[in-house]
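Engineer: just coords:
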């Protein structure tokens, strides 16, 4: 199981030069990053790549951190910067994906098609699953044409899409034939911390079961985002509780062979604003990069990975939750 972390400020090699070595030393093996379409194709058909992004990718690889690259967000040259849904925009996105994969060559193997299409990220409106399926069908062969051994992840939605049939609809549309794995964001921070990790894993168990039983689809699952914010106010948890959420989620995931990777969201807080939920998902504080308690839990995952990979007797038993979860009244 890949243990990774999401990063921001990928175009700031100075900042990454300080933080990526910390991630590597803590035992992480991957970073999740992005290069926006609008930054690569500023005029139609002309692709340029910031040298700073190349520096970050090179540093990550030197540190043993494998990049997972998100192909995301709109481009003003297509559909006025909204989500690409017209045939011209969909093909434009596929060409952007092809150009990016060609540029990075053997430096990047993992790609994710968009980020939370069901949300309004990137200055866009929430999108329809049918439109996302069309995007996948165009982008997947474009990526594979350049790098056949790439791992292309499809889905990338939060628990809202997960629980509203997003992946089932992708299966019905045949889009999951254009996927090497499912990317899922099972955020549980809106749930009570008493059972939140168990509920998040339960959503994944249900997804795997439904796709297998109804569609005969058995794709590995990559949790490309999950995390708990430490803001003050709604949805926020204490730093010690964030650490407990991380420990419990990873422990449950390690006993599920279909889960092939987890990228915690995210490495560093985005601002020094205790009231802002979105700014406080980090494992490190924004002001001085000091560690939250969850950082030590990441370091402790070395032994968890050894347990998951080295003990063949460990198998998932979803009918028998662990005693602690049972004591809390949590159902898988």
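Structural biologist: Thanks, I have it. Quick caveat, the model's predicted, so the values are computed rather than measured.

Engineer: I'd like the average pLDDT over stretch 145-162.
Structural biologist: Stretch 145-162 comes out with an average pLDDT of 95.

Engineer: buried residues in that stretch?
Structural biologist: By neighbour count on 16 or more other Cβ atoms under 10 Å, the buried set for stretch 145-162 is 146-147, 150-159, 161-162. Just so you know, the C-beta spots here come from the backbone N, C-alpha and C atoms, and that holds for glycine as well.

Engineer: now flag whichever of the residues you listed is closest to residue 285.
Structural biologist: residue 158 (25.1 Å; Cβ to Cβ).

Engineer: which parts of this protein are helices?
Structural biologist: 13-25, 37-40, 51-62, 87-104, 129-146, 159-162, 166-172, 196-215, 239-254, 293-310, 323-328 (DSSP state H).

Engineer: redo those as a markdown table? Include distance to residue 230.
Structural biologist: Conversion of the helices of the chain to a markdown table gives the following (distance: least, Cβ to Cβ, whole Å):
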| stretch | distance to residue 230 |
| --- | --- |
| helix 13-25 | 18 |
| helix 37-40 | 30 |
| helix 51-62 | 26 |
| helix 87-104 | 33 |
| helix 129-146 | 31 |
| helix 159-162 | 20 |
| helix 166-172 | 28 |
| helix 196-215 | 14 |
| helix 239-254 | 5 |
| helix 293-310 | 9 |
| helix 323-328 | 21 |
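
Engineer: quick one: which of these is nearest residue 76?
Structural biologist: helix 37-40 (6.4 Å).

Engineer: sketch out the low-pLDDT regions of the protein for me.
Structural biologist: For the chain, the stretches flagged by pLDDT under 70 are 303-329, 331-332.

Engineer: return the distance of the longest strand along the chain from the chain's centre.
Structural biologist: Criterion DSSP state E: the longest strand present in the chain is strand 151-158. Between the centre of strand 151-158 and the centre of its chain there are 8 Å (Cα atoms, centre = their mean, to the nearest Å).

Engineer: ok, residues contacting that strand?
Structural biologist: Residues outside strand 151-158 that contact it (Cβ atoms under 8 Å, 6 or more residues apart in numbering) are 68, 70, 109-119, 136, 139-140, 143-144, 161, 166-167, 170, 175-176, 178-187, 222, 224-225.

Engineer: next, count neighbours for residue 283.
Structural biologist: 30 (other Cβ atoms under 10 Å).

Engineer: with residue 114 instead?
Structural biologist: The burial count for residue 114: 26, using other Cβ under 10 Å.

Engineer: ditto for residue 57
Structural biologist: Neighbours around residue 57, by other Cβ under 10 Å: 24.

Engineer: can I assume it is in contact with residue 106?
Structural biologist: No. Residue 57 lies out of contact with residue 106 (Cβ atoms under 8 Å); the separation is 11.3 Å.

Engineer: distance of the nearest residue to residue 13 once chain neighbours are set aside relative to residue 203?
Structural biologist: Sequence neighbours aside, residue 55 is the residue nearest to residue 13 in space, at 4.1 Å (criterion: Cβ to Cβ, 6 or more residues apart in numbering). Here the criterion is Cβ to Cβ, to the nearest Å. By it, residue 55 lies 37 Å from residue 203.

Engineer: can you check residue 81 too?
Structural biologist: Taking Cβ to Cβ, one finds residue 81 at 32 Å from residue 203.

Engineer: likewise residue 26?
Structural biologist: 27 Å.

Engineer: between the two, which one's more packed in?
Structural biologist: residue 26 (21 against 16).

Engineer: that one touches residue 298, doesn't it?
Structural biologist: Yes. Shown here, residue 26 and residue 298 form a contact pair, counting by Cβ under 8 Å, at 5.1 Å.

Engineer: and the residue nearest to residue 13, how many neighbours?
Structural biologist: If you count neighbours by other Cβ under 10 Å, residue 55 ends up with 17.

Engineer: swap in residue 76?
Structural biologist: Residue 76: 12 neighbours (other Cβ under 10 Å).

Engineer: quick check: it vs residue 223, distance?
Structural biologist: Applying Cβ to Cβ to residue 76 and residue 223 gives a distance of 32 Å.

Engineer: repeat that for residue 235.
Structural biologist: 19 Å.

Engineer: just residue 291 next, same as before
Structural biologist: In terms of Cβ to Cβ, residue 291 sits 22 Å off from residue 223.
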